[in-house]
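[1] Here is a sequence with its predicted model. Questions after.
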Amino acid sequence: MGEVIYLVSAKISHDTISTLVSLLQEARAGQIIGLAFVALHQGSEYSVDIAGEVRQAPTHARGMVAVLDDQLSKMISD
């Protein structure tokens, strides 16, 4: 049997933690009023959700997600 290859690292992602801390600080200060997010879990599972004002403005949220999709697409093609 061959070696097991993991497509997603099982290590703690320090940049993920620092990003979440920054977002939490901005939310507590009232600078972030809504979120649309995808969270990647170990084992390649993921969750998606929305919160806050994003629920009140789904069309705007879809536009924000489309910009994220464009950024990810560019990363793939670079």
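    Nice, I can see it.

[2] Dihedrals phi and psi, Met11?
    Just to correct that, residue 11 is Lys rather than Met. According to degrees, to the nearest 10, the main-chain angles of Lys11 amount to phi -80, psi 160.

[3] list the contacts for the residue nearest to Ser47 when sequence neighbours are not counted?
    Nearest-residue entry for Ser47: Ala39, 5.0 Å, with adjacent residues in sequence omitted and distances by CB to CB, 6 or more residues apart in numbering. The C-beta positions use only the backbone N, C-alpha and C, and glycine is treated the same way. Taking CB atoms under 8 Å, 6 or more residues apart in numbering as the criterion, Ala39 is in contact with Tyr46, Ser47, Val48.

[4] Where do the helices of this protein begin and end?
    Counting by DSSP state H, the segments of the chain that form helices are 14-28, 58-77.

[5] could you give the mean pLDDT of the first one?
    What that stands for is helix 14-28. If you average the pLDDT over helix 14-28, you get 96.

[6] Off-centre distance for that helix?
    Chain-centre distance of helix 14-28: 12 Å, with CA atoms, centre = their mean, to the nearest Å.
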